[in-house]
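> heads up, no residue letters with this:
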């Protein structure tokens, strides 16, 4: 071929090739990689589809760079992270792709306003989401023969390593197995954490792109057996901007050499009449307490106990507690106008302020009925009585049954739910509805499997482990059905030792598309008699205080069941992680604030740390 025709043909390929902004399709194919197995390829495509479903391109532009650290440097060839920087291409139009760079400096050199700039001799790894009709025959053959998972609407990823030479021509090669393992860890971790980035609202209005607050998060990623080496678990850290690290200021005065926060003890007024010292457990009036000067999260009777506690244990926790206390404003839900501050020792007073003390389902929110076993409170058929006599417009009413089935309504938080059900923001029902709406959120947002089953009109079986106060709040669980709206059906099996014998074995039809079965017993002893679940859920678990959870988690591991759990505070979630890891499981959905947490903040007798019923949610095997 004449040289000018060859050059013209090359330019034609670059213009109409399948590569996202870098030119022609590479012609690489995973089947051509030595020692790669079909199961390895399937896992890689499954991770790519998981990332695609979370749609990071909705917010990210090419100039949003993220730092990566997958495991330890010693885990990789050359004892160096392979591609420690990543960007997303296609968020403002064009083909969708993920690019990873050898260094942050490489990324900055190659970052353009819409796509990646060609810089000679700089190598990148990319996954391009291409439609099947534009893919090379080798890719189509591989997809058909292995039945690979599709990403979105008829898209599949193409993986390659590419660079351009000094003359600007693109050169591509197949990635190595180690490079693909690295990419797998990146895709799985980013799909879990990128939604946690908070927008920086100080960004100038004239800015064309969103800016995010500095961010860093570490999540455990489990490699499939075909990808694992000596260890199938790896910790992946994602940061924005690249290089942003964990920071902890133990002393507000950088020049100070003091080892304890011994500035003048801070006396504060409190809405609680009585607190307890975290060191000596002595009762102290709320207006006379001393709190840690640095974190503001721990209660003491005087400065002596404060110093003793610092030496014995608090020194190691103070920085973490300070970070938790700094989330107070973020975790508060300011939309509501009813009182949203509660005390563990004055729950009755709180319920009196909202007019529901000793009434309906609210009876489980205070100690007045603690003598009555769970599930045994007297009930009524009057829905208004169940809601404690609230005004007619302050609680959700049963929706009229519709003959036509539509898709479930996806709601992302309390404002949307209150608007959907036409409830005033002065209504306190969110305090009770946190349990059923958290279950709904898990079903329709966090668990892709259960969501897809419901959308296809299939039945979903959910094992609800360890119910307690929920056993007296079944009228509230009908809200799952009201919002679910079809076409699928939901069966919740509540299993736990607190289920009364009089209810065990009974079925409650709580709506057109939902029923609740009761089973008394320990989960690990009863699960073999139950239908296999699509999902396992446990709310306000308190793993560290109940030894029976360990056996339940072993069942979740052995049967490879997807599970989501909640707890009230970040401290409890940290303890839950230890129990989960002790059972051989790993967190696959990181600890995140639950949008359907109760808006009522709980104050412990010795702590000010933010605590809410169902405050945080996390998952395993997801």
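Arrived safely, thanks for sending. Quick caveat: nothing in here was measured; it's all calculated off a predicted structure. Residues are numbered from 1 along each chain as shown.
> For the stretch 1-150 of the chain, give me the ranges with low pLDDT.
Across the stretch 1-150 of the chain, the ranges flagged by pLDDT under 70 are 1-26, 93, 113-115.
> What count of nearby residues applies to the nearest residue in space to residue 491 that is not next to it in sequence?
Nearest non-adjacent residue to residue 491, counting by Cβ to Cβ, 6 or more residues apart in numbering: residue 461, 5.0 Å away. C-beta coordinates here come from the backbone N, C-alpha and C atoms, glycine included. Applying other Cβ atoms under 10 Å, we find 19 residues neighbouring residue 461.
> Tell me which other helices or strands the one helix or strand residue 461 maps to touches.
For residue 461, the host element (DSSP states H and E) is strand 459-465. The contact analysis (3 or more Cβ pairs under 8 Å, 6 or more residues apart in numbering; DSSP states H and E) places strand 459-465 against helix 448-455, strand 489-496, strand 535-538.
> can you give me the strands for the stretch 451-600 of the chain?
Taking DSSP state E, counting those that start in this stretch as the test, the strands found in the stretch 451-600 of the chain are 459-465, 489-496, 507-511, 514-520, 535-538, 563-567, 587-593.
> how about JSON lines for those strands, with distance to residue 131 added?
Below are the strands of the stretch 451-600 of the chain laid out as JSON lines (distance: least, Cβ to Cβ, whole Å):
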{"stretch": "strand 459-465", "distance to residue 131": "31"}
{"stretch": "strand 489-496", "distance to residue 131": "35"}
{"stretch": "strand 507-511", "distance to residue 131": "40"}
{"stretch": "strand 514-520", "distance to residue 131": "38"}
{"stretch": "strand 535-538", "distance to residue 131": "32"}
{"stretch": "strand 563-567", "distance to residue 131": "33"}
{"stretch": "strand 587-593", "distance to residue 131": "29"}
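> Nearest to residue 73 among these would be which one?
Closest to residue 73 of those is strand 587-593 (Cβ to Cβ; 23.0 Å).
> Can you give the distance from the closest one to the centre of its chain?
Distance of strand 587-593 from the chain centroid (Cα atoms, centre = their mean, to the nearest Å) equals 4 Å.
> That one vs strand 563-567, what angle?
30 degrees (axes from the mean of the first three to the mean of the last three Cα atoms, to 10 degrees).
> Give me the mean pLDDT for strand 587-593.
Confidence over strand 587-593 (mean pLDDT, whole number) is 89.
> packing partners for it?
helix 177-193, strand 215-222, helix 570-582, strand 616-620.
> To residue 51, which of the ones you listed lies closest?
helix 177-193 (4.3 Å).
> and among the strands of the stretch 451-600 of the chain, the most buried is which?
Per residue and on average, the most neighbours among these fall to strand 563-567, with a mean of 28 (mean count of other Cβ atoms under 10 Å).
> Contacts for that one, please.
For strand 563-567, the surrounding residues in contact (Cβ atoms under 8 Å, 6 or more residues apart in numbering) are 438, 442, 446-447, 535-543, 556, 573, 576, 589, 594, 597, 614-622.
> Let's verify residue 323: helix, strand, or coil?
Secondary structure assignment for residue 323 (DSSP: H, G, I helix; E, B strand; the rest coil): helix.
> show me where the stretch 301-450 of the chain has helices.
303-309, 315-325, 328-331, 347-353, 383-386, 414-420, 430-441, 448-455 (DSSP state H, counting those that start in this stretch).
> name the helices or strands packed onto the longest strand seen in the chain?
In the chain, taking DSSP state E as the definition, the longest strand is strand 155-164. Helices and strands touching strand 155-164, by 3+ Cβ pairs under 8 Å, 6+ apart, are helix 38-53, strand 124-131, helix 137-146, strand 170-173, helix 177-193.
> how distant is that strand from the center of its chain?
29 Å.
> now do stretch 287-307
With Cα atoms, centre = their mean, you get 33 Å for stretch 287-307.
> avg pLDDT for it?
Mean predicted lDDT for stretch 287-307 stands at 90.
> Stretch 153-166 too?
pLDDT averaged over stretch 153-166 gives 84.
> Check which residues of it are buried.
Across stretch 153-166, burial judged by 16 or more other Cβ atoms under 10 Å covers 155-164.
> on that earlier part again, residue 381: which of the helices and strands packed on strand 155-164 is closest?
So among the helices and strands packed on strand 155-164, helix 38-53 is nearest, using Cβ to Cβ, at 42.7 Å.
> I'd like the next helix or strand past the closest one.
Next helix or strand after helix 38-53 toward the C-terminus (DSSP H and E): strand 66-70.
> Direction included, what does that following strand pair up with?
Here strand 66-70 has these sheet partners by DSSP bridges: strand 85-89 (antiparallel), strand 233-240 (antiparallel).
> what does the last one rub up against?
Right, strand 233-240. 64-71, 75, 185-186, 188-190, 193-194, 197, 212, 214-223, 245, 586.
> so where is the stretch 351-500 of the chain shaky, pLDDT-wise?
In the stretch 351-500 of the chain, residues with pLDDT under 70: 399-408, 486.
> dump the residue contacts of residue 190.
Residue 190 touches 51, 56, 66, 86, 238, counting by Cβ under 8 Å, 6+ apart.
> are any of those buried, and which?
Buried members of these, scored by 16+ other Cβ under 10 Å, are 51, 56, 66, 86, 238.
> do you know how far the nearest residue to residue 541 once chain neighbours are set aside is from residue 373?
Excluding its sequence neighbours, the residue lying closest to residue 541 (Cβ to Cβ, 6+ apart) is residue 565, at 5.0 Å. Here the distance between residue 565 and residue 373 works out to 24 Å (Cβ to Cβ, to the nearest Å).
> again, but for residue 128
59 Å.
> Which one's more surrounded, these two?
Applying other Cβ under 10 Å to residue 128 and residue 373 shows that residue 128 carries more neighbours, namely 25 against 16.
> thinking the more buried one is in contact with residue 90, fair?
No. In this structure residue 128 lies outside contact range of residue 90 using Cβ atoms under 8 Å: 9.1 Å.
> model confidence over stretch 191-202, on average?
75.
> so what's residue 33 up against?
Residue 33 makes contact with 174-177, 180 under the criterion Cβ under 8 Å, 6+ apart.
> Buried only: go through those for me.
Buried members of those, scored by 16+ other Cβ under 10 Å, are 174-176, 180.
> Now distance to residue 47 and pLDDT too, for these, in TSV please.
Formatted as TSV, those follow (distance: Cβ to Cβ, whole Å; pLDDT from 0 to 100):
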residue	distance to residue 47	pLDDT
174	18	88
175	14	90
176	17	90
180	10	91
